[in-house]
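K.L.:
Sequence and predicted structure below; questions after.
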Amino acid sequence: MTRLNGWRPGRDATRRIPTLLGPPRPPAAAPFRPRRVAMLSVHTSPLHQPGTGDAGGMNVYIVELAKRLAAIDIEVEIFTRATSAALPPSVELAPGVLVRHVAAGPYEGLAKENLPAQLCAFTHGVMRTWADHRPDHYDLIHSHYWLSGHVGRLAAHRWGVPLVHTMHTMAKVKNASLAEGDTPEPASRVSGETQVVESAHRLIANTGKEAAELLHHYDADPRRVAVVHPGVNLDRFRPEVATAESGVEAGRMAARARLGLPRDALIPLFVGRIQPLKAPDLLLRAVARLLQERPGLRERIVVPVVGGPSGSGLTEPEGLQKLAACLGISDVVLFHPPVAQDHLTDWYRAASVLVMPSYSESFGLVAVEAQACGTPVIAAEVGGLPVAVRDGVSGVLVPGHQPADYARALSDFADTPMRAARMAEAAVVHARSFGWPSAAAATADVYRAALHDRRPPPCAACPRDVVTSGEGPCLPRLLPSERPVGHSSLDRLLGGA
Ligand code: UDP
């Protein structure tokens with residue numbers, strides 16, 4: 001069995017493990033700090049509203065990470081696909097953070113599944129931007145999700161810079177625990193992910209469990225895998241300031257009043273993208289079962305579902321509403337479209353408990369955000385959730401996906417208000433360990449390590465001085481003296497892509 005600095009795959013996923021699993025950090029004074037990072041987010045823009053479609057935790061992660069890196073003097077330029085002709089070529093997201101819109105494929109209506117066909121065009125747009133600058137404009141590339149990883153591996157070869165990659169989700173992991181009837185990820189994604197894992201100088205995993213999955217499913221080199229827990233914005237997600245002295249509970253009542261929710265209700269909240277993988281249906285089934293067993297609760301339960309259809313959930317956008325009707329609980333379920341994070345805080349604060357019954361979750365930002373607002377969590381014991389939630393302390397982890405088990409956990413919350421209040425206080429404390437400043441500092445450490453021992457990524461099929469795009473033909477490596485390239489030579493090199 002492969003060992004990661006003493007940590008064994010599949011074992012004790014809840015244990016906090018060292019941030020950096022790769023080679024030791026370079027000395028603090030080492031000149032390996034990047035000045036500017038090209039961040040790649042092909043399939044979803046950091047400017048999109050999370051909680052529906054392709055926008056979710058990854059968008060939030062990129063925005064927050066970029067801002068915090070800029071705050072420690074690492075400039076970030078985020079490349080994303082333009083989804084409207086009206087978008088400007090670039091937008092300043094925050095001081096030191098620029099979003100660049102790359103034209104690649106039709107603006108609207110392009111499904112994620114069809115994006116691989118646009119990767120060449122996207123890469124071309126990234127290369128043109130680079131060619132407009134000095135050749136050393138970017139010191140490092142950080143790609144997010146496998147589609148961006150493919151662009152990143154070509155650009156990293158061309159620019160002679162390291163590629164750091166974060167998977168966010170992995171096809172093999174998702175396919176291993178699909179919800180009933182959900183569509184598996186295609187084999188082409190698995191092979192695409194394998195190529196990105198081979199090429200990246202560093203892979204950032206959200207948790208030790210994800211690091212182990214990279215090793216186990218994708219044969220990643222353990223020396224290149226680093227674990228950095230994502231952060232949450234603790235300035236935004238916190239119990240209500242005005243009532244901090246009177247405790248989390250007073251803030252809860254104030255938030256309920258603002259949202260027009262009853263003061264004394266049992267409020268199990270779902271927040272996230274509505275798709276089978278996230279299992280909002282499981283919460284509804286659990287509530288139906290609870291009400292069957294305890295009809296008296298019907299008078300005082302409200303179940304908000306905040307978010308919009310996404311992924312395979314898009315095939316039946318009204319599916320959850322129909323299920324609620326079918327289960328006879330439409331009167332207690334409150335569907336609400338996605339809201340900006342500044343408004344989400346009230347939903348978290350108002351809830352008795354956040355329920356996250358996902359089948360797969362690389363981390364689960366929503367769980368930590370809710371806890372940061374003083375709301376305990378009932379979560380499935382999958383993926384990163386055992387790290388995000390302290391079982392029995394800041395929430396409850398439920399093994400498996402049986403509605404009866406979730407109904408029991410909800411029933412316990414209704415019956416033990418003192419325990420729920422203790423968990424609410426503990427949740428705030430637990431969430432404090434996930435601030436972005438430390439997550440960004442740990443990410444900068446990974447960048448430093450990648451710059452410290454960067455080496456040309458391998459191309460299995462070609463001689464040393466040849467690079468591959470992974471999708472198209474291999475190209476001769478440019479010598480430093482040949483750079484910078486103008487647009488015309490770039491067009492030639494990329495075959496006019
Ligand atoms: N989110 C939001 N508004 C909503 C619903 C969700 O801003 O109405 C955000 C939420 O704050 C969280 C992210 O979407 O940061 C979801 O991240 P998570 O890791 O829970 O799930 P993912 O989308 O990555 O699967």
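P.N.:
Received the coordinates, thanks. Treat the numbers as computed from the prediction; the structure is a model and nothing was measured.
K.L.:
Near the ligand, which residues of the protein? Just list them.
P.N.:
Proximity of the chain to the ligand (CB under 6 Å from any ligand atom) is limited to residues 50-51, 56-58, 60, 271-273, 306-307, 338-339, 341, 344, 363-366, 369. Bear in mind the C-beta positions are built from the backbone N, C-alpha and C, glycine included.
K.L.:
Are any of the residues you listed buried, and if so which?
P.N.:
With burial judged by 16 or more other CB atoms under 10 Å, the buried subset of these is 50-51, 56-58, 60, 271-273, 306-307, 338-339, 341, 344, 363-366, 369.
K.L.:
Tell me which entries of these lie within strands.
P.N.:
Those of those mapping onto strands are V271, V306, per DSSP state E.
K.L.:
ok, back up a step: which of the residues of the chain next to the ligand fall in helices?
P.N.:
If you go by DSSP state H, these have G57, M58, V60, Q341, L344, L365, V366, E369 in helices.
K.L.:
Surely the fourth one is in contact with D235?
P.N.:
No. Q341 is beyond contact range of D235, at 11.0 Å (criterion: CB atoms under 8 Å).
K.L.:
residue ranges with poor pLDDT in this protein?
P.N.:
1-31, 242-246, 455-497 (pLDDT under 70).
K.L.:
Quick check: the gap between S310 and H101.
P.N.:
Per CB to CB, to the nearest Å, S310 is found 22 Å from H101.
K.L.:
make that L110, sorry
P.N.:
From L110 to H101 the distance is 14 Å (CB to CB).
K.L.:
and what of Q292?
P.N.:
Look at Q292 and H101: by CB to CB, they are 51 Å apart.
K.L.:
Comparing these two, which residue is more hemmed in?
P.N.:
Between Q292 and H101, counted using other CB atoms under 10 Å, H101 has the larger neighbour count: 21 against 12.
K.L.:
Next, count neighbours for the residue lying closest to the more buried one once chain neighbours are set aside.
P.N.:
Computed as CB to CB, 6 or more residues apart in numbering, the closest residue to H101 that is not its neighbour in sequence is A82, at 3.9 Å. Around A82 there are 19 other residues, counting by other CB under 10 Å.
K.L.:
Could you do D264 as well?
P.N.:
Using other CB under 10 Å as the criterion, D264 is surrounded by 8 other residues.
K.L.:
Looks to me like it is in a helix.
P.N.:
No. If the criterion is DSSP: H, G, I helix; E, B strand; the rest coil, then D264 is coil and not within a helix.
K.L.:
Name all residues that make contact with the closest residue to it other than its chain neighbours.
P.N.:
By the measure of CB to CB, 6+ apart, the closest residue to D264 outside its immediate chain neighbours is R300, 6.1 Å from it. Applying CB atoms under 8 Å, 6 or more residues apart in numbering to R300 gives the contacts P262, D264, A265, L266.
K.L.:
Roughly how far does R300 sit from S438?
P.N.:
Distance from R300 to S438, counting by CB to CB: 40 Å.
K.L.:
Now do the helices in the stretch 101-250 of the chain.
P.N.:
Along the stretch 101-250 of the chain, counting by DSSP state H, counting those that start in this stretch, helices occupy 119-131, 145-159, 171-176, 187-199, 208-218, 248-259.
K.L.:
Please apply the same query to the stretch 251-400 of the chain.
P.N.:
280-293, 319-326, 341-350, 365-372, 385-388.
K.L.:
hmm, back to that, now that we have the contacts of R300, which one has the most neighbours?
P.N.:
Busiest of those [other CB under 10 Å] is L266, holding 22 neighbours.
K.L.:
In space, what's closest to E369 - neighbours in sequence excluded?
P.N.:
Distance criterion CB to CB, 6+ apart; nearest residue to E369, sequence neighbours excluded, is F237 at 4.6 Å.
K.L.:
my bad, should have said E75
P.N.:
In space, E75 is closest to R36, 4.3 Å off (CB to CB, 6+ apart).
K.L.:
ok, the one you found touching H137?
P.N.:
Yes. Using CB under 8 Å, R36 makes contact with H137 at a distance of 6.4 Å.
K.L.:
hmm, back to that, residues contacting the residue nearest to E369?
P.N.:
Residues counted as contacts of F237 (CB under 8 Å, 6+ apart) are Q341, T345, Y348, V368, E369, A370, A372, C373, A431.
K.L.:
and the last one, what helix or strand is that in?
P.N.:
Using DSSP states H and E, A431 sits within helix 417-431.
K.L.:
what residues does that helix touch?
P.N.:
Under the criterion CB under 8 Å, 6+ apart, residues 232, 234, 237-239, 247-249, 352-353, 368-377, 389-390, 393-395, 412-413 lie in contact with helix 417-431.
K.L.:
how does it look with 10 Å?
P.N.:
231-232, 234, 237-239, 244, 247-249, 251-252, 266, 352-354, 367-377, 388-390, 392-396, 412-414, 416 (CB atoms under 10 Å, 6 or more residues apart in numbering).
K.L.:
between the ones in helices among the residues of the chain next to the ligand, which is nearest the ligand?
P.N.:
Distance to the ligand across these (CB to the nearest ligand atom) is lowest for G57, with 2.3 Å.
K.L.:
Ignoring the adjacent residues along the chain, who's closest to the closest one?
P.N.:
Of all residues not flanking G57 in the chain, L365 sits nearest, at 4.5 Å (CB to CB, 6+ apart).
K.L.:
what do you get for E64?
P.N.:
Nearest non-adjacent residue to E64, counting by CB to CB, 6+ apart: W436, 5.0 Å away.
K.L.:
Relative to F79, how far out is the one you found?
P.N.:
As judged by CB to CB, W436 and F79 stand 22 Å apart.
K.L.:
ok, now A71?
P.N.:
Counting by CB to CB - A71 and F79 are separated by 21 Å.
K.L.:
Neighbour count for these two, which is higher?
P.N.:
F79 (29 against 15).
K.L.:
Can I take it that that one is in a strand?
P.N.:
Yes. Judged by three-state DSSP, F79 forms part of a strand.
K.L.:
For the ligand, give me its nearest residue in the stretch 201-350 of the chain.
P.N.:
The ligand sits closest to P338 of the stretch 201-350 of the chain, with a gap of 3.3 Å, by CB to the nearest ligand atom.
K.L.:
Surely that residue and G272 touch.
P.N.:
Yes. The criterion here is CB atoms under 10 Å, and P338 meets it with G272 at 9.2 Å.
K.L.:
can you list residues touching both of the two?
P.N.:
In contact with both P338 and G272: P50, G51, T52, G56, V306, G307, G308, S310, using CB under 10 Å, 6+ apart.
K.L.:
Please export the alpha-carbon coordinates of stretch 177-184; CSV is fine.
P.N.:
Written as CSV, here are the backbone C-alpha positions of stretch 177-184 (Å, rounded to 0.1, in the frame of the first residue of the first chain):
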residue,chain,number,x,y,z
SER,A,177,-21.0,6.2,-5.5
LEU,A,178,-23.7,7.3,-7.9
ALA,A,179,-27.2,8.0,-6.8
GLU,A,180,-29.7,5.5,-8.1
GLY,A,181,-30.4,6.2,-11.8
ASP,A,182,-27.8,9.0,-12.1
THR,A,183,-25.7,9.2,-15.2
PRO,A,184,-22.1,8.0,-14.9
